[in-house]
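J.: just need the structure, nothing else, for what follows:
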Amino acid sequence: MEPITSTRNPRVRDLAALHRRRERRERGQHLVEGPGPVSEAVAAGVVTEVWATEDGRARLAATGVLTPELEVVPVAEHVLERVADTRTPQGVVALATTRTATLDAVVGRGLLVVLDEVADPGNVGTIVRTADAAGATAVVLTPGCADVFGPKAVRAAAGSTYHLAVAAEVPIGEVAAACRAVGQRVFGLDAAGERSVDELASERPPLALVLGNEAHGLAPDTVAHLDGRIAIPIHGRAESLNVAAAAAIAIYAAARAVHRGA
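T.: Model (predicted):
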């Protein structure tokens, strides 16, 4: 196959259009960048084709995921830069099918991490990665969150997007109601919380942990759906923690309860 060398190629424009959230939603597809995340997406069976420079193909081959069945489109470096979201995509971009889980499929087991209007895609991806590392069952995102399948979020998740179930654009009231119906308690991380994050470890699973917006925290409507609010003590002079850092502390505290005795 001859390499694609023109950024005016219709296939290039078609792929680059997936930088837009609306396009991703309508087509049910998204982009994955870099050999590591692409190899995880290939292993998950969601990749339909890979675009790679000569060096990028070699990097991807080193991960062991290349097979005769996987279509690899050779492209020039400047073409890949047009398709990619980053200036240095390491020579590999994949087109992937977006797969999301239903709410019913993710409640009632282990630890459910709920992102409520978390707006920064880097934070969304980082929290997905943390949830994966802590052994969470799934991640649910409410309307108003950054797109978990956007390029920056997928990149920040470093492949974890394809390791655990993800349900997107589910209102917090529906999440809480579904959890309550199966006996899953719902806690929110809140600076004004009445209990310490350390107490999560003594809770009986299954649990759901809600993380709020970077600037405003949990909305009053969200708080009304909770079984309790959990706070992280601030012992120094910092006013607060970044939501991704706070999420890591709280997710691992909840994970201790879930994995206790496992």
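J.: may I see the domains of this structure written out as residue ranges?
T.: Following automatic domain parsing, one gets these domains for the chain: 10-97, 103-259.
J.: off-centre distance for the last one?
T.: When distances are taken as C-alpha atoms, centre = their mean, to the nearest Å, domain 103-259 is centred 11 Å away from the chain's centroid.
J.: quick check: Ala44 vs Ala177, distance?
T.: Here the criterion is C-beta to C-beta, to the nearest Å. By it, Ala44 lies 30 Å from Ala177. Using the backbone N, CA and C atoms, a C-beta is placed for each residue, glycine as well.
J.: mind listing the helices for the protein?
T.: Using DSSP state H, the helices found in the chain span residues 10-16, 21-27, 35-43, 54-61, 77-83, 103-106, 121-133, 151-157, 172-181, 220-223, 243-259.
J.: how about the ones you listed in TSV, adding mean pLDDT, distance to Phe187 and mean neighbour count?
T.: TSV is the format used below for these (pLDDT from 0 to 100; distance: least, C-beta to C-beta, whole Å; neighbours: other C-beta atoms under 10 Å):
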stretch	mean pLDDT	distance to Phe187	mean neighbour count
helix 10-16	95	41	16
helix 21-27	97	30	14
helix 35-43	95	30	22
helix 54-61	94	41	17
helix 77-83	93	41	19
helix 103-106	96	17	16
helix 121-133	98	15	23
helix 151-157	95	23	24
helix 172-181	97	10	18
helix 220-223	95	11	14
helix 243-259	95	8	21
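J.: out of those, nearest to Leu115?
T.: Smallest distance to Leu115 across the helices of the chain (C-beta to C-beta): 6.3 Å, for helix 121-133.
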